[in-house]
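A.B. asks: sequence and predicted structure, then a few things I'm wondering about:
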Amino acid sequence: MHFSTDLIAFVAATLVTSAIAVPLENTVLVGQREPYTPPAPFSCTDPKTGTDPTCWNELKVDEYLKKWHQKNFPAQCKGYTDWSTCFNLFAKPGKGPQNCTAINSDQCQQLNPTQHFLTPQWYYGSYNSWSINHFFSLWSNAIKQANPSVLTNATKPQGVDEFLAAKNPNTNTSIDLVLNNLITLGPSNPQTDALRAVLKSFRPNSYSVAKTTDSGKPEALLPSLLQMRLADTLRHVETNLTSFLTMAANGTFSKPVSIDGFCDWVPGFCTVSLDAEPAEPFDG
C-alpha cells in the first residue's frame, strides 16, 4: 500500500501541532518532583516559624505580662489561685486547662505553635511556663534516679549525717547548698544560673523535713528532700510573676531544654533514662 506524499505531510503536521498544544504547566513528568516551596522566614511575631530567645526582649514579653497581671489577676481569674494557669487558659480561649505548677504534671504540655494564640507575647508567655516546668521536671527525675553516691558526695564537706540532722535549723540552706553543688558539677548555662537565682531569692517559710529514722538510712531521705525543694520552688515560680520573670529573663527558656546531657551531667548521675520526655505539642 502506498501513501501519497501530501497525506504523509498532513499527518506529520497534525501530530506536531497536537504535541505543542499539550498544556505543559499541568504535566508532571515521570520522576519529576513537586516544586520546592521554601519555608517562611523566621519571625518573632509568627510562632509557627519557631521560637528564639531574642524574641523575649524584642516582643517586650516582660512588660506585656506585667500589664496583663495588673489588669486581669485576680479580677478575671476567679477560681484560679495562680496567675500562670489563668494566663495559659486565656492564651487559647475555649481550650482545656494548662496547669504547670506541679512537676511532671500531665496538664502541662508543650504548646502547638500552629494553633491560634491571641498574641505572640501570649504564646511566649505560655511556652516559657511549659519550658520552666519541663526544666524542673528533668532535674527532679534526675535526682530521683541518681546514683546515691553522687548525692551524698554533694553534701560534703559536712557529710550526709550532719546535713540531715533532725534539729538542724538551717536545713533549707543545706538543701540549697547540695543543689548548688550538683549544679556546679556541670557546665554553667543560663538555665542553671536562673535556677540558682530563684533558689537564692525564695526560701519557704516552713519546710516539711522528715525524720531520718523514717527511712532507715539518711541517704534514702536525701533525694526526697531535694525533690521537695524543687517542687516548692517550681510552684512558687508559676504562681509568683516576679520569680517567673527572673527565670524567663532574656528568653532563657524560650528554647526547649534538651534532655541530652542531663544524665551525663555527672558520671553516675542517672542510673536509668529520664521519664520527662518532651510531650507532643498540645492542641488543648
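C.D. replies: Thanks, I have it. Note that the structure is predicted; figures quoted are calculated from it, not measured.
A.B. asks: from here on, just use CA atoms for contacts and neighbour counts.
C.D. replies: OK.
A.B. asks: so which strand or helix has the nearest residue to Arg196 once chain neighbours are set aside?
C.D. replies: Computed as CA to CA, 6 or more residues apart in numbering, the closest residue to Arg196 that is not its neighbour in sequence is Asn180, at 7.1 Å. Secondary structure from DSSP states H and E places Asn180 in helix 171-184.
A.B. asks: hang on, the earlier thing: I figured the residue nearest to Arg196 hits Ala197, correct?
C.D. replies: No - with contacts counted by CA atoms under 8 Å, Asn180 stays clear of Ala197, the gap being 10.6 Å.
A.B. asks: of the two, give the one with the bigger neighbour count.
C.D. replies: Asn180 (17 against 14; other CA atoms under 10 Å).
A.B. asks: mind checking how far the more buried one is from Gln145?
C.D. replies: Look at Asn180 and Gln145: by CA to CA, to the nearest Å, they are 18 Å apart.
A.B. asks: check which residues of stretch 186-198 are buried.
C.D. replies: Judged by neighbour count (16 or more other CA atoms under 10 Å), stretch 186-198 contains these buried residues: 191-196, 198.
A.B. asks: can you tell me which two in those are farthest apart?
C.D. replies: Gln191 and Val198 (10.9 Å; CA to CA).
A.B. asks: overlap in contacts, those two.
C.D. replies: Counting by CA atoms under 8 Å, 6 or more residues apart in numbering, the contacts common to Gln191 and Val198 are Met247.
A.B. asks: let me know the average pLDDT across the helix holding Asn180.
C.D. replies: The average pLDDT for helix 171-184 rounds to 76.
A.B. asks: equivalent analysis for stretch 40-50, please.
C.D. replies: Stretch 40-50 comes out at a mean pLDDT of 87.
A.B. asks: ok, now stretch 223-238?
C.D. replies: pLDDT averaged over stretch 223-238 gives 91.
A.B. asks: who are the packing partners of the helix holding Asn180?
C.D. replies: Helix 171-184 sits against helix 190-201, helix 218-239, with contacts defined as 3 or more CA pairs under 8 Å, 6 or more residues apart in numbering; DSSP states H and E.
A.B. asks: which of these is buried the deepest?
C.D. replies: Most buried of the helices and strands packed on helix 171-184, by mean neighbour count (mean count of other CA atoms under 10 Å): helix 218-239, with a mean of 20.
A.B. asks: which strands and helices lie in contact with that helix?
C.D. replies: Counting by 3+ CA pairs under 8 Å, 6+ apart, helix 218-239 packs on helix 83-91, helix 120-144, helix 148-153, helix 160-163, helix 171-184, helix 241-248.
A.B. asks: one more time with 10 Å
C.D. replies: For helix 218-239, the contact count by 3 or more CA pairs under 10 Å, 6 or more residues apart in numbering; DSSP states H and E identifies helix 83-91, helix 120-144, helix 148-153, helix 160-163, helix 171-184, helix 190-201, helix 241-248 as packing neighbours.
A.B. asks: how far off helix 241-248 does it point, in degrees?
C.D. replies: Relative orientation of helix 218-239 versus helix 241-248 (axes from the mean of the first three to the mean of the last three CA atoms, to 10 degrees): 110 degrees.
A.B. asks: what residues are up against Ser43?
C.D. replies: Residues in contact with Ser43 (CA atoms under 10 Å, 6 or more residues apart in numbering) are 49-52, 55.
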